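[1] Structure here, sequence nowhere to be found:
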């Protein structure tokens with residue numbers, strides 16, 4: 001169950017309670033930072049994966065080079 005904190009409650013907090021709240025927020029900040037770093041790693045991996053179109057273009061180039069090589073081999077073999 002989450003506890004809502006009002007402005008009046010914040011005004012009445014002792015220094016110790018306020019410090020504990022600060023520690024909780026620091027933990028939350030640390031967790032968010034870890035999540036952002038994880039998202040960045042995932043995004044880096046996803047961006048390195050070539051798109052289907054890029055892969056098809058590369059495959060077409062390989063096939064064209066293969067056709068040229070076959071043609072040159074035939075000419076050399078004659």
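    That came through, no problem. Predicted model only: the values in this text are computed from it and were never measured.

[2] Show me what the longest helix seen in the chain is packed up against.
    Scanning the chain for the helix with the most residues, using DSSP state H, yields helix 15-48. On a contact count with 3 or more CB pairs under 8 Å, 6 or more residues apart in numbering; DSSP states H and E, helix 15-48 meets no helix or strand. For every residue, glycine as well, the C-beta is placed using N, CA and C.

[3] where does this protein dip in pLDDT?
    Scanning the chain with the threshold set as pLDDT under 70 gives 1.

[4] what does stretch 52-67 rub up against?
    Contacts to stretch 52-67, defined as CB atoms under 8 Å, 6 or more residues apart in numbering, come from residues residue 50.

[5] Can you tell me what sits against stretch 17-24?
    Contacting residues not belonging to stretch 17-24 are listed as residue 13 [CB under 8 Å, 6+ apart].

[6] repeat that with 10 Å
    With contacts defined as CB atoms under 10 Å, 6 or more residues apart in numbering, stretch 17-24 is touched by 5, 9-10, 13-14.
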